[in-house]
Every structure is written in structure tokens, then in C-alpha cells.
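Asks: have a look at this prediction, sequence included:
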Amino acid sequence: MCLPLMVRAAAPSNGSIHTDPAATPNAEVACWPLLFYIFIYYSRVLDYVPARLHVPMMLTILMTLSVVLNGRAFVWVKTKSGRYLGLFLVWLCVTVPFSWWKTGSFFTLGDSARAFLFYVPLVALIQTVSQLRRAIMAMGWGLLVAAVLSFVLRAKVVGGGRYSPGQGQQADPNDFALFMLAALPVWWFAAKQARSGIKKILCLLCTAPVLVAFSRTGSRGGFVGLCVVMALFFLSGSAAQRIRAVAAIVICGLAGFWLLPHATRQRFVTLYTQQTIAGVEMMDGSAEQRLELFKTSLRVTLEHPLFGVGPGNFAAYIYNKSREEGRRMPWLPPHNTYTHISSEAGIPALVFFLLAINAGFASMRFIRRAHVTQPSPDWITLVNAAFYLRLTVAGVGTCCFFLTYPYSGALHPLIGLMTAMELIARKELTRMQTSVDAPALPVFATSAGTAR
């Protein structure tokens, strides 16, 4: 006896949504080298190892092979952020023949190429919500380890009692503050996703060492970035989130007033002003000097608007030019990522870089504004990730106004995560649309369950 059984058939796509190909069978295995690379990139654990054994290089090769073997080597070309970052890298190559110091430009190109090679696997290998969640948490765990290591291993004290790791990419207190700021929204996301109250509390407790490490840097640019993160959280969050944001600001403000050294508190009084405080400002980090370097970078941009003075050449260029003019300028970058790019690689490079950042934000807006009547658990995770990752990029992008991270990849991996998130979101939208809109078709099955 045959009984009719009603099931939903997949409806054909109307072509209005550009979807990414389905995850390959070995996508889970291919993603693990990427997760490990994310962890060591943000934790900087290899900075404390005398012999690194070229682990980052080997992981980069392994990730590149995974991308190629899975047939996803050109996924980045289909994304706006990928095209803009690709054009950014190409334009840097174009500027090298016009560089003031060509040898220095070649070294800088290596940094930019490594940053791009970090972006590509993020877009190509992260294909599911679970992979995305693991990638974000690999970043969170790495930054938490970096915060803890700053207390126990080779921490150095610079002017005004400011603390930072003793070496590596995060050796400068301002750079370290940028990375610590990026960790806060990641752990807030983990707390949001936690299913039990104990796990939520544990995730929030993980922000404590991060906040302490951030505060000890005394970074004014980091403080401005934190203010932007909290303001955006307050304006975009729900009523309950706003209450928690106000409570966090009050608690952190009181704790900072009582626990931070007097010199560190005084640093936050000045930013781009000519006020100096005895015993607080370093010669190469004073507000007056930063303002002068910023003005110089604008002047160099206007003098060389198309190709700049060459990637990695700003410090050498202004140092030698000032000597020719009988002045003395320090061998320092402009302490502004955006004018650093425009002065060294021209305005076109800055436009490509800003368009890539905007494409990342557009990915987050797409997810948050998508109208979904019956969201799946994966879609809820994507919406939460979009909210908190946007906070991270906003904070890091703000810090870049006061720090120099044009080529080494402070924003490249974050843009990669946002782009991968949009590709996953489009697949999830298509899946949910198929399950809701597909017509019900009769399928006849035997009593044993075998369809005819």
C-alpha cells in the first residue's frame, strides 16, 4: 500500500541573490591552519620564541595551498572588498618605480602582500557559520593570551609609566592598545552567544585582563577608539544594552581613576594639543610632534598626489628633505594610517583602501538590515557577529587616525571576516527563502519509506 507523503522541493533561484558556492567536503580540515594562524597572529606568542622555525611562513603556504586545492583561489575577486584591496596592492606596485627610495619600498611591498595573503584565505576558507564563529573566537583567544603575556613576559615600561610587550608587532604601547581594543567586542559577542549564565559571566570576565592591559598602555588614540566603540554600542544597541554600556562606562571610569598611575591619567588630558606634561611625554610621541608630522604628511600628499614618495619612504624622505632645508625632522611615520598611505602611495591608494573598508561596513549593513521573518539560529549568530564586528572595525579604524598601520594588516583580516560573513549570510538567506517559498509537491512512498 502506497501512502502520499508531502515534502518541500527546492525552488529555483530567481537570480537576484549572488550566492557563494557550497562548502567543499574538506572545508573543515582546510580551515584549521587558518584558525591557528589567526591565533598566533593576534597572540604574538612567536615573538617570545627565540627560534620561530618560520611557522607563519609555513602556515601561509599551507593556507594558500588549501585555497587553491579547494578551487577557491579567486573567490576574493567576486567581492568588492577583495577587488579594492587587490587594486590597493597593485597600485603600491605601480608606485615603486617612482619611489624616492626604491629598496625601502620593496620591503614595504612584502608587508602589504602578506596582509593580502591573510585576507584571501579568510574569504575563501570560512564558508559556514560555525567556521566563522571559530575564527572570531580564535582572534579573541589570541588577544586574551597577548594581554596575559604582557603581565608575565618581558613587559617594558616606557615614558610616563606606560606598559607594553617587550618586542614584536605590539611592542609599542599605542599599537598594543589597538589590539586590546579589538578584543573587547569579540568577547562581548562570545557572551552574547553563550547559552548559560555562567558562560556569559566567564566571557565577560575575560575582558578584565584585556581592559587592564589596555589601560596600562596610556594610549590616547586607543582611548578615543574606546569612546567611539562605546558610543556606537550605546546608539545601536537595545535598551538593555544601553543600560549595560552606561554601567560599564561608570565602573571602568571609577576603576581607572583609582588604579591608573597619575602620569597615565594625565596623558588622556591631551591629544593633538601643544600642552606638555613633565615626565609624561616621550620625545618621539608628544602631541606637538604628532601634529607636526600630520601636517607634514598632508603637505607631502599635496606635493605628490598621484604616486606619493614611495611605500615605506615617508620617514626617510622628510628627514633628508629637512636636512637639506637646514631644519631637523625626526625619522618617524606620520602617526596617521590614512595620511601615511596618501603621502607614500598617492591619493588613489588611499581611495582604494577606504573603499575596501566601506565595502566591509556595507557587508555588515546588509546583514543587519535584511528582512527575515523567521530567522534561523545561524542567522541570529550572523546578526550578532555583524553587530560586534562592526564595533571592532570602528574602534580599530578610529585608532588608525593616531597610529601607523597602512600595510601590516590591522584592518585587512577584519575586512576579510566581514566579507566572509556576507557570503555566508547570502547562502543562509537563500536557504531560508527556499525552505519558506518552495512549493509543496506530493511524493509517493512505500510503507518502508522508499520513494517511487
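Replies: Sure thing, it's come through.

Asks: rest of the way, CA atoms for contacts and neighbours
Replies: Noted.

Asks: which elements pack onto the helix or strand harbouring Thr108?
Replies: Using DSSP states H and E, Thr108 sits in helix 102-125. In terms of contacts (3 or more CA pairs under 8 Å, 6 or more residues apart in numbering; DSSP states H and E), helix 102-125 is packed against helix 27-43, helix 55-69, helix 80-95, helix 412-437.

Asks: how about those in a markdown table, adding distance to Ile251, mean pLDDT and mean neighbour count?
Replies: What follows is the helices and strands packed on helix 102-125, written out as a markdown table (distance: least, CA to CA, whole Å; pLDDT from 0 to 100; neighbours: other CA atoms under 10 Å):
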| stretch | distance to Ile251 | mean pLDDT | mean neighbour count |
| --- | --- | --- | --- |
| helix 27-43 | 27 | 89 | 20 |
| helix 55-69 | 39 | 87 | 17 |
| helix 80-95 | 38 | 96 | 21 |
| helix 412-437 | 29 | 87 | 21 |
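
Asks: what's the average pLDDT for stretch 225-237?
Replies: In this model, stretch 225-237 has an average pLDDT of 86.

Asks: any idea how far that stretch is from the middle of the chain?
Replies: Stretch 225-237 has its average C-alpha position 17 Å from the chain's average C-alpha position, going by CA atoms, centre = their mean, to the nearest Å.

Asks: give me the contact list for that stretch.
Replies: Outside stretch 225-237, the residues that touch it by CA atoms under 8 Å, 6 or more residues apart in numbering are 181, 241-242, 245-246, 391-392, 394-399.

Asks: so which of the helices and strands packed on helix 102-125 comes closest to Pro375?
Replies: helix 412-437 (7.9 Å; CA to CA).

Asks: the closest one to helix 102-125, inter-axis angle?
Replies: Put simply, helix 412-437 runs at 20 degrees to helix 102-125, going by axes from the mean of the first three to the mean of the last three CA atoms, to 10 degrees.

Asks: what's the angle between helix 412-437 and helix 80-95?
Replies: Here helix 412-437 runs at an angle of 150 degrees relative to helix 80-95 (the same axes, to 10 degrees).

Asks: does Trp100 belong to a helix, a strand or coil?
Replies: coil (DSSP: H, G, I helix; E, B strand; the rest coil).

Asks: what is the burial count for it?
Replies: Counted with other CA atoms under 10 Å, residues neighbouring Trp100 total 20.

Asks: ok, and the closest non-adjacent residue to it?
Replies: Nearest non-adjacent residue to Trp100, counting by CA to CA, 6 or more residues apart in numbering: Val309, 5.5 Å away.

Asks: and the one you found, how far is that from Phe366?
Replies: 38 Å (CA to CA, to the nearest Å).

Asks: and Ala394, by the same measure?
Replies: For Ala394, the distance to Phe366 - CA to CA - is 17 Å.

Asks: try Arg133
Replies: 19 Å.

Asks: now the lengthiest helix in the chain against helix 80-95, angle please.
Replies: In the chain, assigned by DSSP state H, the helix with the most residues is helix 337-369. For helix 337-369 against helix 80-95, the angle by the same axes, to 10 degrees is 160 degrees.

Asks: check which residues of helix 337-369 are buried.
Replies: 337-357, 359-368 (16 or more other CA atoms under 10 Å).

Asks: picking up where we left off before, can you tell which of the helices and strands packed on helix 102-125 is closest to Lys321?
Replies: Among the helices and strands packed on helix 102-125, the nearest to Lys321 by CA to CA is helix 80-95 (19.8 Å).

Asks: so which elements touch that closest one?
Replies: Packing partners of helix 80-95 (3+ CA pairs under 8 Å, 6+ apart): helix 102-125, helix 337-369.

Asks: which one of those lies closest to Lys200?
Replies: Among these, the nearest to Lys200 by CA to CA is helix 337-369 (23.0 Å).

Asks: mean confidence for that closest one?
Replies: Here the average pLDDT along helix 337-369 is 94.

Asks: other SSEs contacting it?
Replies: Helix 337-369 packs on helix 80-95, helix 287-303, helix 314-324, helix 377-399, helix 412-437, going by 3+ CA pairs under 8 Å, 6+ apart.

Asks: apply 7 Å and report the result again.
Replies: Counting contacts by 3 or more CA pairs under 7 Å, 6 or more residues apart in numbering; DSSP states H and E, helix 337-369 is packed against helix 80-95, helix 287-303, helix 377-399, helix 412-437.

Asks: thought Ile40 was touching Met139, still the case?
Replies: No - Met139 is beyond contact range of Ile40, at 8.8 Å (criterion: CA atoms under 7 Å).

Asks: any idea which element Ile201 lies in?
Replies: helix 197-205.

Asks: grab the CA positions of that helix and hand them over as PDB.
Replies: Listed in PDB are the C-alpha atoms of helix 197-205, where the atom choice follows Å, rounded to 0.1, in the frame of the first residue of the first chain:
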ATOM      1  CA  GLY A 197      24.600  32.500  32.700                       C
ATOM      2  CA  ILE A 198      27.900  31.000  33.900                       C
ATOM      3  CA  LYS A 199      29.400  31.000  30.400                       C
ATOM      4  CA  LYS A 200      28.200  34.600  29.900                       C
ATOM      5  CA  ILE A 201      29.900  35.700  33.100                       C
ATOM      6  CA  LEU A 202      33.100  33.800  32.200                       C
ATOM      7  CA  CYS A 203      33.200  35.500  28.800                       C
ATOM      8  CA  LEU A 204      32.700  39.000  30.400                       C
ATOM      9  CA  LEU A 205      35.500  38.200  32.900                       C
END
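
Asks: who's in contact with it?
Replies: 187-188, 190-191, 194 (CA atoms under 7 Å, 6 or more residues apart in numbering).

Asks: try 10 Å this time
Replies: Contacts to helix 197-205, defined as CA atoms under 10 Å, 6 or more residues apart in numbering, come from residues 184, 186-194.

Asks: show me where the stretch 101-250 of the chain has helices.
Replies: 102-125, 129-152, 173-193, 197-205, 207-217, 220-236, 239-259 (DSSP state H, counting those that start in this stretch).

Asks: figure out which of the ones you listed is closest to His412.
Replies: Nearest of the helices of the stretch 101-250 of the chain (CA to CA): helix 102-125, 5.8 Å.

Asks: just want the angle from the closest one to helix 27-43.
Replies: Helix 102-125 and helix 27-43 are oriented at 140 degrees to each other (the same axes, to 10 degrees).

Asks: how far off centre is helix 102-125?
Replies: The answer for helix 102-125 is 15 Å, by CA atoms, centre = their mean.

Asks: tell me the average confidence for it?
Replies: 90.

Asks: list the buried residues of that helix.
Replies: Under the neighbour-count criterion of 16+ other CA under 10 Å, helix 102-125 has 102, 104-106, 108-109, 112-125 buried.

Asks: tell me the contacts of Phe402?
Replies: Residues near Phe402 by CA under 10 Å, 6+ apart: 174-175, 219-222, 224-225, 271-272, 290, 294, 334-338.

Asks: mind redoing it with 8 Å?
Replies: 221, 335-337.

Asks: so it belongs to a helix, correct?
Replies: No - Phe402: not assigned to a helix; according to three-state DSSP it is coil.
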